[in-house]
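1. below are the sequence and a predicted model for it; my questions follow.
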Amino acid sequence: MTRIDPETVRHVARLARLRLDEAEVDQLGSEMSSILDHFAALEEVDVARQEGPTPRSIDPFLRQDVESADQLTLPVESLAPDVRAGLIVVPRLDALGGKNGES
Amino acid sequence: MIRTIDEARSLLAGGSTGRDLLERAAARQAELESEDPALNAFLSTIEPESQLGSGQEAGPLAGVPYAVKDNICTPDLPTTCGSLILEGYRSPFSATAVARLDAAGARLFGKTNCDEFAMGSSTENSAFGPSRNPFDRDRVPGGSSGGSAAAVAAGVVPFALGSETGGSVRQPASFCGLVGLKPSYGRVSRYGLVAFASSLDQIGILTRGVRDAGQVLEIISGPDPRDATCQDRPLPRAAALDGVQLDGQVIGVPEEYLGFGLDGEVRQAFDAALGQLEQAGARIREVSLPSAPSAIPCYYVIAPAEASSNLARYDGVRYGFRDGSGAGLEDLYSRTRAGGFGAEVKRRIMLGTFALSAGYFDEYYGRALLVRQAIANDFERVFDSGVDALFTPTTPTPAFRLGEKIANPYDMYLSDVYTVSANLAGLPAVSVPIGNIGGLPVGAQFMAPRFTEETMLGLAVRLEELVGYAPPDVDGAAA
Amino acid sequence: MSAGTIGTDGWEAVIGIEVHVQLRTRTKMFCGCLAEYGAAPNSRVCPVCLGLPGALPVPNEQAVRLGVRAALALGCSIHANSRFDRKNYFYPDLPKGYQITQFDWPVATNGSVRIRSGDEERSIGVRRLHLEEDAGKSQHDRFDGSTAVDLNRAGVPLAEIVTEPDLRSPGEARAYLTRLKQLLEHFAAVSDCNMEEGSLRADANLSVRRVGSTALGTKTEVKNLNSFAHVEKALTYEFERQVAVLEAGDEVRHETRLYDPGASETRPMRGKEEATDYRYFPEPDLPLLEIDEAVIEEERDNLPELPDQLEARLQAQYELSEYDARLLGMTPLRAVYFESVVERTGAELAKSAANLIMGDLAAELNRRGANATEEQLMSPETLARIVSLRSEGMLSSGTASEALRLLIGEEAGQDPDDVVARHGLAQVQDDSQLLAWISEVVQAHPDESARFRGGEEKLIGFFMGAVMRASGGKADPGRTREALTGYLAAETEA
């Protein structure tokens, strides 16, 4: 039996950037637990591990290095909620540095 | 009503213009929406008055109106995916399939309701209210392409595009007495189909008859430089379907598919259809797909995992809904996503994020990838043994009631039990109506080797002829 | 602050370097937007790189080829099947909420780069090279309390090159980066490697251990390294810091630190260190990346002779010093230029040709900036002629320089013999003219002449200079000295 405790739910919600209230944490915890119970069936299949990346049966396709005509026909302003001087603006990260620490 | 592409053509041949047909669709739509409860098949429709009346009526589908599921991009109408997070969002580009239909002369009438981001089996997960089954409005039309199914079944348009990730075209087709075609993975460009689970998604087609589905498929198929997974294979020709004979075809029936809570009456209808195929010369062979019981868990790991990543882009930064009421960027993200997504989408994002997260990846996502390979291998083994197509029920039951399964997510997931495997293995599949149970249609499906749509649809045409089912017109009063 | 001052004796640094280079393509990695630097904000964007609903990535063949070529230049094995994966994290300049990269199955692995470290050569292992897309650019200081995002860079193709932890000093780290840049910019020609524009970015990780130990200590990652000099300084600081921490009996924290060039120190990145979980998984929008043997061979053919081999050959074939060979082999263009000059002068004048290339021509190239080439200054034929004239004694080192200056500048493209003649640069070989200058000079300086005769022989230098001046530089110094000595001696006897 897989039990998803509230701590795990909160951790996953944090990774997924989903704000949950306590009632949602409890509900998702029990729903996820019961769904994961059904996933035990995955263990019942004989599977063969393989070397190299799992094949996908899709022919490779690469594009030529040429400019496409898919440029936006409308300015970013028409899509984004906050645009200033052509830049998309969001509140500053609480802590600087984020991904690369670079600006 | 416009039931079929041929009906549309004869109206056009009789002097109607493309705009007239759009007006006819609009009138039918208005009629359906005025009833209580409303069918709620469409989220947006074009205004026929704003459209060209004549001219540009060239191409194989010249003047034929159609509908598109609201998770497929159209610049002329919003693309919301049934979600608040994209409410009012208008795509600057056309999905390739839509562009090809437009080039073939077809006329977009409207965008159909669906489960939010195609996650669901009933259309109850739409942020804009559920669609209803035209044959019983207390029941669901199926999902996630429920709006497309309801629109075609009620005779608003002769065909509609839906999308399939785990059965979202076939299951509503079965519930609404329609043909529901899910092409091979890589047959139809996914460019402009808003991604749910990219390795499973495929645009599908809902029509009243197999030949109509074949015509639409021929037009929307083929490679696309904007989708690296779309394959360059000979196009499935609609004209070839009548050349396929049942005689000598080997049709496999997987024993595992006759379990999984299959309703007794559905079983009877299926057995009857199977008997007709056999009488008409098909050789029926019982086969085994031993990994089948793992298909639902496998699907409900892989699809949410991919979805958790595909839906990360809805963050309130570049487009769509933004809740900036909190302080700072992290708050903006988590409030936007909490407010913009509905319960089922959140559930799947949570499941998928969990399945990919450190410490659980191997047990869930990694394992599911291997099981998926085993499922595909099962099919390959069966087809290699000389089976031309598999034949199974499409759904274990006819349409269920609104609210019946919404409280138990896993019960809802099980309504995809017969359909998800074709998506996991990338196979083409088509559901064909085989009868009514208490006034509710039920369907059966063929699944076939990848890129053998011609043969598969040919078999479906024969079945359609043998069964002789036509969905009844909804509401006798309607024209 | 140098490595000696804090006392790292007995300790050794273990350093690994991660480099991102922007591949020199016309368009982005997965869409047809121009991969340009400096365009107006958010003007090089399309549905794909903006992450609009329904858009899909399609890999750029040229980016793949450049990645393969770069990997070949680093001696990597290229994998026939590799895979793109998604790296999931939220950041405003990451439009899709994931970066398309390669995780488990990179396009190439297991290469090496040879560097010089002091007197020895060392081979630095290259663990992997993989392809990925860049993120956009966030500006945190543009608007108060806000982050402003420009997505022009989002989706630009990158190769990430990761070393084994084989580097043993900050100096080696710098030597590795210098060699890597030389390989990628000039030999594989896959990137302009411009650090200011961000087309080459380096991150480093460093741990320390007692000399002789083979265990690995706790490492720190060091970021914000905007030049090779910063890499060396930051690592030097970090090396000393970690040694001091350990010698004080404390433990090194595993953390990411930012280099502050103003203070020449590294500091822990601000903010809580949240354990990152990127949830890598195979990119479902893309087929596997298959690389044909034919593509590998074509890209191999696109590579010139690589520096290690080139330098060794130049040194052996032309009897040059290792130093000269390294300078001449700095770029394939320079090596080709050198060899086509020497082809005309004969190998015996190689050193002389090398001196002019690394002297006068290099100085001029330096003035002209990054992209100037020797060939643009003058044809190899022209330089070869100057080298020959010099060796024949027709030009002195001074007049040779003057001839080169003219041929680079106002006389560009002219026949060198013509230029030498018109500007009167040829050294005078006619002894009667030489004697005329000498007698003129000696007679003009009777006092010095008398002192020389009295035994003050160092005055020969004075006379030499005066004769050279009188000749306008055209007197051959060797002949002049000989003739002058003879003339003065004859006067003495007389």
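-> Sure thing, it's come through. Predicted model, so just to flag it, every value in this text is computed and none were measured. Residues are numbered from 1 along each chain as shown, chains lettered A, B, ... in the order given.

2. and the nearest residue to C:Ala215 once chain neighbours are set aside, what helix or strand is that in?
-> Nearest residue to C:Ala215, sequence neighbours excluded (C-beta to C-beta, 6 or more residues apart in numbering or on different chains): C:Arg209, at 6.0 Å. C-beta: built from backbone N, CA, C; applies to glycine. In the assignment (DSSP states H and E), C:Arg209 maps to strand C:200-210.

3. show me the contacts for the closest residue to chain C within the stretch 301-450 of chain B.
-> In the stretch 301-450 of chain B, no residue comes nearer to chain C than B:Ala312, which is 2.4 Å away by C-beta to the nearest C-beta. Going by C-beta atoms under 8 Å, 6 or more residues apart in numbering or on different chains, B:Ala312 touches A:Arg17, C:Asn88, C:Phe90, C:Lys96, C:Gly97, C:Tyr98.

4. TSV please, covering those and showing distance to B:Tyr413, neighbour count and secondary structure.
-> Listed next are those as TSV, based on distance: C-beta to C-beta, whole Å; neighbours: other C-beta atoms under 10 Å in any protein chain shown; DSSP: H, G, I helix; E, B strand; the rest coil:
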residue	distance to B:Tyr413	neighbour count	secondary structure
A:Arg17	25	25	coil
C:Asn88	24	23	strand
C:Phe90	28	21	coil
C:Lys96	27	25	coil
C:Gly97	25	23	coil
C:Tyr98	25	25	strand
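
5. low-confidence ranges, chain A, go.
-> A:1, A:73, A:94-103 (pLDDT under 70).

6. residue nearest the centroid of it?
-> Residue closest to the average C-alpha location in chain A (C-alpha atoms, centre = their mean): A:Ala16, at 6.3 Å.

7. just to revisit the earlier point, which SS class is the residue of the stretch 301-450 of chain B closest to chain C?
-> helix (DSSP: H, G, I helix; E, B strand; the rest coil).

8. measure it to B:Ala368 for me?
-> Separation of B:Ala312 from B:Ala368 (C-beta to C-beta, to the nearest Å) stands at 20 Å.

9. ok, the spatially most central residue of chain B - contacts?
-> The centroid of chain B falls nearest to B:Val169 when counting by C-alpha atoms, centre = their mean (1.9 Å). Contact analysis of B:Val169 by C-beta under 8 Å, 6+ apart lists B:Ser145, B:Ser148, B:Gly162, B:Ser163, B:Gly180, B:Leu181, B:Lys182, B:Gly204, B:Ile205, B:Leu206, B:Ser431.

10. turn those into a markdown table, including secondary structure and distance to C:Phe228.
-> Shown next, in a markdown table, are the contacts of B:Val169 (DSSP: H, G, I helix; E, B strand; the rest coil; distance: C-beta to C-beta, whole Å):
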| residue | secondary structure | distance to C:Phe228 |
| --- | --- | --- |
| B:Ser145 | coil | 57 |
| B:Ser148 | helix | 59 |
| B:Gly162 | strand | 57 |
| B:Ser163 | strand | 51 |
| B:Gly180 | strand | 62 |
| B:Leu181 | strand | 60 |
| B:Lys182 | strand | 56 |
| B:Gly204 | strand | 56 |
| B:Ile205 | strand | 59 |
| B:Leu206 | strand | 62 |
| B:Ser431 | strand | 64 |
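
11. from those, which two are the most distant?
-> B:Ser163 and B:Ser431 (14.7 Å; C-beta to C-beta).

12. specify the residue positioned farthest from the middle of chain A.
-> In chain A, the residue most distant from the centre (C-alpha atoms, centre = their mean) is A:Val66, at 30.1 Å.

13. I'd say that residue and C:Arg26 touch.
-> Yes. Contact criterion C-beta atoms under 8 Å: A:Val66 and C:Arg26 qualify, at 7.0 Å.

14. in stretch B:83-102, which residues are buried?
-> Buried residues in stretch B:83-102, counted by 16 or more other C-beta atoms under 10 Å in any protein chain shown: B:83-87, B:89-102.

15. let me know the average pLDDT across it.
-> Stretch B:83-102 shows a mean pLDDT of 96.

16. ok, it near chain C or not?
-> Yes. On the criterion C-beta under 8 Å from any C-beta of the partner chain, stretch B:83-102 is in touch with chain C at B:Leu86, B:Tyr89, B:Ser91, B:Pro92, B:Phe93, B:Ala95.

17. tell me which element the second one falls in.
-> Taking DSSP H and E as the definition, B:Tyr89 sits outside all helices and strands.

18. can you tell me how far C:Phe103 sits from C:His254?
-> Distance from C:Phe103 to C:His254, by C-beta to C-beta: 21 Å.

19. then A:Ile58?
-> Taking C-beta to C-beta, one finds A:Ile58 at 40 Å from C:His254.

20. neighbour count: those two, which is higher?
-> A:Ile58 (17 against 12; other C-beta atoms under 10 Å in any protein chain shown).

21. dihedrals phi and psi, residue 16?
-> Because you didn't say which chain, this covers chain A. phi -90, psi 0 (degrees, to the nearest 10).

22. I was after chain B.
-> According to degrees, to the nearest 10, B:Ser16 has phi -70, psi 150.

23. again, but for C:Phe103
-> phi -110, psi -80.

24. next: A:Arg92.
-> Dihedral angles for A:Arg92 - degrees, to the nearest 10 - are phi -70, psi 150.

25. just list whatever residues bridge to the closest residue to the residue nearest to the centre of chain B other than its chain neighbours.
-> Among residues not flanking B:Val169 along the chain, B:Gly204 sits closest, at 3.3 Å (C-beta to C-beta, 6+ apart). As for beta bridges, B:Gly204 partners with B:Gly162 under DSSP bridges.

26. is it correct that B:Gly204 is in contact with B:Gly167?
-> No. Counting by C-beta under 8 Å, B:Gly204 stays clear of B:Gly167, with 9.7 Å between them.
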